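>>> quick check, what structure comes out for this input:
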Amino acid sequence: MKKQRIKDNFLFHYFILSLTMTTLIAIVLSTVLVKQMKNHMILSHSYFYQAYIKAIPNNYSEILPFFSIKSGTKEKIQDGHPSDLEAHESEAHPDNEWAHFQNDLLQYPAVVQLRIFNNSNEIIWHYGAHQENQDPVSIDTIRTLLIKNPITYQIKSTKPDFIIHYYIPLFINGEMMGIVEVSDQEPKFGANLVKNRNSIVSLILLSGLVFFVSLFYLFFRGYTNQRKSLERLDQSQSLTIHTMSRLAELRDNNTGAHIQRTSLYCKALCSALKTNLEYKSYITKEYIEDLVRSAPLHDIGKVGIPDHILQKPGKLTAEEFEIIKSHPKLGAEVLKVAIESLDFQSFFEIGYQIVLSHHENWDGSGYPNGLVQKEIPLSARIMAIADVYDALTTTRPYKNAFSHEKAMSVILEESGNKFDPIIVEALIQISDEFKLISESNSASIEE
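The predicted model follows:
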């Protein structure tokens, strides 16, 4: 259940992460496209005005002299009525000269205001009422923008009306003589802009949703297939380990139940030790899994012990016991070859510790290396208790099975001698669990 929960959490985290990333990308893309769409619509809407202003030198040549009035020689001309043109000494009448331009302009009701600035940044003519909510315009800033752009614009008001102020340069004989500001108020333009914006956002979000679903589906399929492959590989590895361990157990007149019991004992001890502050951070979920998986390998070295010694019903001679004592090193050599052939850390490393050192004693009297106390790997210290408890509580060729209580008494007596006292204390806490494991497997352990 824990593994399934972890897998489900992984899929959930990927779901949230991919959904978040897809949403962010959709938002950014929508923002960029909406901005470009808005800019395109606004500039497209201004094509007529650009053509209209560009045609002034050819179609409205009568107003060109007004652009050459020097600063300070006249007052502003407002509402189409110039007030003082003496310095300019033109024989033309201003009202008549601007009338043609103004009459053509009135054919386009979207124009609510038009102002013309000369190169001195003075308004030489304007049409329409000044917009009350219009911000002050910096013509110098506009002029700078128009150096690199054929037109620029500002949106000064969107409520209740959508008003765009276009700024278009007026060129005469290749020289910029002034700037024309056209204030456009198209009733349907704002609605169309909002409609197009909503369409783009909806389309991108829908596309993002389709992309996300497709991406998650492909990932889920790949993840599921990979998980199945890993599970098959894991099962194959476990089967190989149990097969190897079973070969050793058969030669020692044991059944496969010994492998199962010792693995369960190790798992129970790990869970109990995890509550100890000294081992809380060391004994992780992965550590327990690796220990339980590699525990069946603890006596694999017995395949190298002759049958007449391994299966001897009576007491071993000193020479025979020395041969028996070689099985940890024999098994460790087998695993060492496997470890060296891998370029990553695997559970065989804990298996190597168990195989080599599970007969070491806390006081240094064990074999094969006479390690003392914490020189002995924790995994081997745990296996030592699990292996001895199982040996005591099961029938062997040389003895009858001990009761749970008697086996616990023997282990307690060896606390601090053969066994790590802290692990013995953990055993005491889960004594009933050990007894239950032993009894639940009694039907299959008649040895």
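>>> for the stretch 151-300 of the chain, which segments count as strands?
Counting by DSSP state E, counting those that start in this stretch, one finds strands in the stretch 151-300 of the chain at the ranges 152-157, 163-172, 175-184.
>>> using TSV, lay out these together with distance to Thr31, mean pLDDT and mean neighbour count.
(Each C-beta comes from the backbone N, C-alpha and C, glycine too.) Formatted as TSV, the strands of the stretch 151-300 of the chain follow (distance: least, CB to CB, whole Å; pLDDT from 0 to 100; neighbours: other CB atoms under 10 Å):
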stretch	distance to Thr31	mean pLDDT	mean neighbour count
strand 152-157	17	79	17
strand 163-172	20	88	20
strand 175-184	25	88	20
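>>> just tell me which of those strands ends up closest to Leu356.
strand 152-157 (79.2 Å; CB to CB).
>>> which neighbours does that closest one have in its sheet, and in what orientation?
strand 163-172 (antiparallel) (DSSP bridges).
>>> and the partner strand with strand 175-184, angle?
Orientation check (axes from the mean of the first three to the mean of the last three CA atoms, to 10 degrees): strand 163-172 against strand 175-184 gives 160 degrees.
>>> what's in contact with strand 163-172?
Applying CB atoms under 8 Å, 6 or more residues apart in numbering, the contact partners of strand 163-172 are 42, 45-46, 49-50, 53-54, 56-57, 64, 67, 112, 116, 131, 134, 137, 142, 145-146, 150-157, 176-185, 189.
>>> quick one: which of the strands of the stretch 151-300 of the chain is nearest Phe220?
Using CB to CB, the strands of the stretch 151-300 of the chain put strand 152-157 closest to Phe220, at 45.8 Å.
>>> and Pro377, how far from Ala332?
As for Pro377, its distance to Ala332 is 12 Å (criterion: CB to CB, to the nearest Å).
>>> more crowded one of these two?
Ala332 (22 against 19; other CB atoms under 10 Å).
>>> quick one: pLDDT of the closest residue in space to Leu427 that isn't next to it in sequence?
Leaving out its chain neighbours, the residue that sits closest to Leu427 by CB to CB, 6 or more residues apart in numbering is Ile385, at 6.1 Å. Looking at Ile385, its pLDDT reads 96.
>>> so what does whatever helix or strand Val388 lives in touch, helix or strand wise?
Under the criterion of DSSP states H and E, Val388 resides in helix 378-393. Contacts defined by 3 or more CB pairs under 8 Å, 6 or more residues apart in numbering; DSSP states H and E place helix 378-393 against helix 256-273, helix 285-294, helix 348-357, helix 404-413, helix 421-429, helix 431-440.
>>> need the next SSE after the lowest-mean-pLDDT helix or strand in the chain, C-terminal direction.
Sorting the helices and strands of the chain by mean pLDDT, DSSP states H and E puts helix 94-105 at the bottom, at a mean of 71. Going down the chain from helix 94-105, the next helix or strand is strand 111-118, by DSSP H and E.
>>> so where's the stretch 101-250 of the chain shaky on pLDDT?
Scanning the stretch 101-250 of the chain with the threshold set as pLDDT under 70 gives 129-137, 157-161, 230, 233-250.
>>> just the helices in it please.
For the stretch 101-250 of the chain, the helices defined by DSSP state H, counting those that start in this stretch occupy 139-148, 187-251.
>>> picking up where we left off before, right, and the residue nearest to Leu427 touches Ile411 too?
Yes: applying CB atoms under 8 Å as the test, Ile385 and Ile411 come out as touching, 6.5 Å apart.
>>> any common contacting residues for the two?
419, 424, 427.
>>> who wins for most neighbours among the residues you listed?
Leu427 (25 neighbours).
>>> in CSV, list the helices and strands packed on helix 378-393 along with mean pLDDT and distance to Gly222.
CSV is the format used below for the helices and strands packed on helix 378-393 (pLDDT from 0 to 100; distance: least, CB to CB, whole Å):
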stretch, mean pLDDT, distance to Gly222
helix 256-273, 89, 32
helix 285-294, 89, 24
helix 348-357, 90, 28
helix 404-413, 94, 50
helix 421-429, 94, 42
helix 431-440, 91, 39
